[in-house]
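Asks: sequence first, predicted model second:
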Amino acid sequence: MALLESIDIPLGTGMPPFELKDPNGKTYKGNDVYGKKGLLVAFTCNHCPYAIAIWPRLIKLARHAHELGINTVAINPNIHPDYPEDAPEKMKNKIREWGISFPYLVDETQRVAEAFKAQCTPDLYLFNERKELVYHGRLDDNWQDEKKVKREELKEAIDHLASGKSISKDQKHSMGCSIKWR
């Protein structure tokens, strides 16, 4: 598994439009999943150790964000025959097992990941109510061990977005397994 970091994307960049299905076939459009104050988009998967390590924190953070008017959507770009753990059927299992309460979508063509310039799993994006990128970075400062986290950068960005405060432009790249491009 190749370790990659997310790339720099200028803050203020508009959210690419998307329309994807969940593993049960229900269609979601980017505009329709937006919360009153914004949207957290997480490119992630089932098999990557980096993604697995933060899934519980991401699920918890999504609940917190939802209470503040910011919705969450997860997108799996690793629909690839060489990675059967990431197949839509396996996504259904993870949704149940992990209690994912937000849409976890299938990016079968990988076009949405390409439009967002996603590089790794996880790759995290926070957009404001005007669909402008305000945060693109890591979840927190210790992907391996939640007990050792000292700074929750994404939570801080969500809290600031919800309360109208400015969000720090000092954003550390997310890192994880490379997206399994076809």
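Replies: Sure, I can see it. Numbering: from 1, shown residues only.

Asks: can you tell me the centre-most residue of this structure?
Replies: residue 42 (0.7 Å; C-alpha atoms, centre = their mean).

Asks: tell me what that one is bridged to.
Replies: residue 74, residue 124 (DSSP bridges).

Asks: so who does the closest residue to residue 63 other than its chain neighbours touch?
Replies: Nearest in space to residue 63, with sequence neighbours left out and distances taken as C-beta to C-beta, 6 or more residues apart in numbering, is residue 101 at 6.9 Å. In short, each C-beta sits where N, CA and C put it, glycine included. Going by C-beta atoms under 8 Å, 6 or more residues apart in numbering, residue 101 touches 59, 62, 63.

Asks: surely residue 28 forms part of a strand?
Replies: Yes: under DSSP: H, G, I helix; E, B strand; the rest coil, residue 28 sits within a strand.

Asks: that older thread, the residue nearest to the centre of the chain touches residue 120, doesn't it?
Replies: No: with contact defined as C-beta atoms under 8 Å, residue 42 does not reach residue 120; the gap is 11.3 Å.

Asks: rewinding a little: contacts only, for the residue nearest to the centre of the chain.
Replies: Going by C-beta under 8 Å, 6+ apart, residue 42 touches 58, 72, 73, 74, 75, 122, 123, 124, 125.

Asks: also residue 115?
Replies: Going by C-beta under 8 Å, 6+ apart, the list of residues near residue 115 reads 16, 18.

Asks: low-confidence ranges, this protein, go.
Replies: Along the chain, the model assigns pLDDT under 70 to residues 1.

Asks: I'd like to know which elements the helix ranked longest in the chain is packed against.
Replies: Counting by DSSP state H, the longest helix found in the chain is helix 49-67. Other helices and strands packing on helix 49-67, by 3 or more C-beta pairs under 8 Å, 6 or more residues apart in numbering; DSSP states H and E, are strand 38-43, strand 70-76, helix 88-98, strand 120-121, helix 153-163, strand 175-178.
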